[in-house]
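Asks: Any chance you could fold what I've pasted below:
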Amino acid sequence: MTSRERAGALPGAVARDRPRPGQSAPMSSSLARVAEASTAITGAGDDEAVGQTIVEQAAQVLQANDVRLVLFEPDREWLRVAHAVGPSVAQVGTRLTPSHSALALMLDSGEPVVLGPQMPQPAASEPAAASRAVALVRLKGQVLGYLQVGRAADLPPYTADDLPALQVLGDLAGLRLSYSQLAVRPRHREKELADLQPAWRLPAAEAGDFLMVADLEGRFVDTDAAAPCFLGYSRDELLQLTVQDVSPPPYGIDDRQVLRELYRRVCESGSVTMESSLRRRDDTLFPIRLRLDPVPHDGSVAIRGVCWDLTEQKEAHSRLLHVERLRILGQMASGVAHDLNNTLAHVLGNLQLLLDSVDHPAHRALLERVQQAALDGAETVRRLHTFVRTREEEAEPVDLSTVVVEVAELTRPSWEAATQQSGVPVDLVVDVAPVPPVLGNAAELREVLVNLVQNALDALPHGGSVHLRTERQGGEVVVTVADTGIGMPPRVRHRIFDPFFTTKGAKGSGLGLSVAYTIVARHKGQIAVESEEGQGTTFTIRLPALAEAPAEPVPPPVVEAAPAPPPERRHGRVVVVDDERDLAVMLARMLQGEGHEVQICTRGAEALALIEREPFDVLLTDVSMPDMDGWEVARRVKEIRPSLPVAVVTGWGSQYEGVDLADRGVDFLLSKPFTVTAARELVTRALAQPAEMGEKR
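Replies: Below is the predicted model of the structure:
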């Protein structure tokens, strides 16, 4: 879809046209005004007032009588009208939702647009201008907000020719505002420090994020203007508190003794730096780096605490540790999974052979239950493998809104059954929007969302609703799964992504959310959870949007040949190689039941000698064997009999997805645990292969 088509999706929207072939880009006097505005904006000496300079220059360049600069707040949950000229001055400070139509249109197209009077204003109370145009304010791909200009009815309406100049101003605003933040922060810090007594002040560069002073009894005697903002108290309230009120020691510790010992160290050494945590007014804790210095106070000594907020650093470090822990656990899980697959291969294979010989319905039912339990174990092992399996070769553009709709249908039986069985109402609400594709694996992302929905349904024992939503936020596609259920206490919420941690008892494996975390991280995204007891839970997934590629010409239709008929079943001579003789015997029995002649070898050298002496049709070899592994067996067999089909049988099966097996002399792969049907079909295909190649043995 072109930018003009996207703009047409909203009334009154016009996107910038590209010059047609042979037509030069429009030239106007606005170019000279843009150059003058650029000089004024970049040369503005007052970094705190540069936003006002931007809107004033935009008004001159675009001949606008109404201009506003709208910027995201730090948490990016809301936009705020930061600066304006004309009627929009009355809206300065107003918060706007990021989902309003003008911004959504620009985020979708990535280009400036002209908005007609039919386009609704972000705030319903605002009068509609006769003509408006908007452009994104960006820096290095991140959307900081937008710049909007408007004209009254007595001026000519904006056209697509005005948009290049507006976008230049938007880009320049992003660059200048970012630079201003770096320059303004030290000056703000100096103003915050002005509340302190002069003897206790520090240069802004050394004063951290906030600063407090306490006497030797632990009572606060002074703070800068920033401390109340971080702790949630007014300055007067803080001066009524003690160090113990905002930094209580662990239960059972004598806080006064700890404080006296700490102050003694500070006075003796002159300075102590440490990491700690402080408690806000709402009882939440946040980590800090703290430097304590002795300072003079009323003929004695007080302790000055310079604090740096470490919340963002700790969260980033925690994410890195979590990913590293999952990587290490993945390596461990891979080895465990291999051993479990070998064991499950014994169990499943012999169960299926036994089922073939049992006709009594009651006996078959018992055996089928055992078989299902083994298959469930095999599924858990498969999920263990996802810790280390990467499938980047399967990445493709994925529409997350489509995936969400599919997940709603997949999980419909679960929530409908919950309603019918328990008699409590459960609703699944789907709210999807057109979003750009993400690069990934649709099956894996579907697995993540199904898991989140099932968890949400489990959290609704008394009924409620689950809300699935997709939206675009800047360069990301965001999916939320929110429920109105029982919520989680902090001790559970903090461990929710840990492998093998579950609150479901025997019903849960503790792998679902760990696997979800791994999958999202592999897609270069983030998954976060917000939850309070009794107030429900919200999972938020953020994935990078895929940049739009130019449309490719549609290839001519290809007439596909009719599918080949299934290979004719014939009997053959098969060599099975496995150092675990019981597994080899079981596989041999499976194949003998199909009429094949099977020879068993427990060592690779034994198999090579046998193949040199006698003709065979297929070789099946285990991978992990002493002396000579399965890959070496396959390579040497191809040197002796290049046309002999070779299959490896392994408990590491999912690890070899995407590996060029032919380069290793392998034609087929059979993953443990396998079924009788899978083993027999593999040999049937292997026996058909030489015929397809025109080879005779």
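Asks: mind checking the longest strand of the protein?
Replies: Criterion DSSP state E: the longest strand present in the chain is strand 285-297.
Asks: Show the subsequent helix or strand relative to it.
Replies: Next along the chain after strand 285-297, taking DSSP states H and E as the criterion, comes strand 300-309.
Asks: How about residues contacting that next one?
Replies: Applying Cβ atoms under 8 Å, 6 or more residues apart in numbering, the external contacts of strand 300-309 come out as 200, 202, 206-216, 221, 227, 230, 263, 266-267, 278, 286-296. C-beta: built from backbone N, CA, C; applies to glycine.
Asks: May I see the buried residues of it?
Replies: Buried positions in strand 300-309, judged by neighbour count with 16 or more other Cβ atoms under 10 Å: A302, I303, R304, G305, V306, C307, D309.
Asks: again with stretch 275-284
Replies: L278.
Asks: Same question for stretch 38-55.
Replies: By 16+ other Cβ under 10 Å, the buried positions in stretch 38-55 come out as S38, I41, A44, D47, V50, G51, Q52, T53, I54, V55.
Asks: Tell me, how many residues neighbour G593?
Replies: 14 (other Cβ atoms under 10 Å).
Asks: I figured it hits L355, correct?
Replies: No - with contact defined as Cβ atoms under 8 Å, G593 does not count as touching L355 (11.8 Å).
Asks: is it true that V479 touches I527?
Replies: No - look at V479 against I527 with Cβ under 8 Å: they stay out of range, at 9.4 Å.
Asks: re the thing from before, pick out whichever of the buried residues of stretch 38-55 sits closest to N350.
Replies: Within the buried residues of stretch 38-55, the smallest distance to N350 is 75.2 Å, found for G51 (Cβ to Cβ).
Asks: wait, doesn't the closest one sit right on L177?
Replies: Yes - the pair G51 and L177 qualifies as a contact (Cβ under 8 Å) at a distance of 6.8 Å.
Asks: Identify the contacts common to these two.
Replies: L71.
Asks: pLDDT below threshold where in the stretch 451-600 of the chain?
Replies: Along the stretch 451-600 of the chain, segments meeting pLDDT under 70 span 498-512, 548-569.
Asks: in the stretch 551-697 of the chain, which spans are strands?
Replies: Ranges of strands in the stretch 551-697 of the chain, per DSSP state E, counting those that start in this stretch, are 573-577, 597-601, 618-622, 646-650, 668-671.
Asks: now the ones you listed in TSV, with mean neighbour count and distance to D629?
Replies: Putting the strands of the stretch 551-697 of the chain into TSV (neighbours: other Cβ atoms under 10 Å; distance: least, Cβ to Cβ, whole Å) gives the following:
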stretch	mean neighbour count	distance to D629
strand 573-577	24	10
strand 597-601	19	14
strand 618-622	27	8
strand 646-650	24	9
strand 668-671	18	14
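Asks: closest to D431 out of these?
Replies: Going by Cβ to Cβ, the one of the strands of the stretch 551-697 of the chain nearest D431 is strand 668-671, 39.7 Å.
Asks: about what we covered before: among V479 and I527, which residue is more densely surrounded?
Replies: A direct count of neighbours by other Cβ under 10 Å for V479 and I527 places V479 higher, at 28 against 22.
Asks: Please identify the buried residues of the helix or strand hosting the more buried one?
Replies: Using DSSP H and E, V479 falls within strand 476-483. Judged by neighbour count (16+ other Cβ under 10 Å), strand 476-483 contains these buried residues: E476, V477, V478, V479, T480, V481, A482, D483.
Asks: Then stretch 208-226?
Replies: Taking 16+ other Cβ under 10 Å as the criterion, stretch 208-226 shows 208-216, 218-226 as buried.
Asks: Same check on stretch 343-350?
Replies: Of the residues in stretch 343-350, T343, L344, A345, H346, V347, L348, G349, N350 count as buried by neighbour count, 16+ other Cβ under 10 Å.
Asks: need the strands for the stretch 251-400 of the chain, in chain order.
Replies: Remark: strands assigned in the stretch 251-400 of the chain by DSSP E, counting those that start in this stretch are 272-279, 285-297, 300-309, 396-398.
Asks: these two touch, right, M106 and V114?
Replies: No - M106 is beyond contact range of V114, at 11.4 Å (criterion: Cβ under 8 Å).
Asks: secondary structure element for S178?
Replies: Assigned by DSSP H and E, S178 belongs to helix 163-193.
Asks: what are the bridge partners for the nearest residue to A84 once chain neighbours are set aside, then?
Replies: Among residues not flanking A84 along the chain, R68 sits closest, at 4.3 Å (Cβ to Cβ, 6 or more residues apart in numbering). Note on R68: beta-bridge partners by DSSP bridges are A84, Q148.
Asks: likewise R542?
Replies: Judged by DSSP bridges, the bridge partners of R542 are V478, Q526.
Asks: mind checking how far it is from E476?
Replies: With distances taken as Cβ to Cβ, to the nearest Å, R542 is found 5 Å from E476.
Asks: ok, now T343?
Replies: Distance, T343 to E476, using Cβ to Cβ: 43 Å.
Asks: coming back round to it: just put the buried residues of stretch 343-350 in JSON lines and tack on pLDDT.
Replies: Below are the buried residues of stretch 343-350 laid out as JSON lines (pLDDT from 0 to 100):
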{"residue": "T343", "pLDDT": "72"}
{"residue": "L344", "pLDDT": "71"}
{"residue": "A345", "pLDDT": "74"}
{"residue": "H346", "pLDDT": "68"}
{"residue": "V347", "pLDDT": "76"}
{"residue": "L348", "pLDDT": "75"}
{"residue": "G349", "pLDDT": "74"}
{"residue": "N350", "pLDDT": "77"}
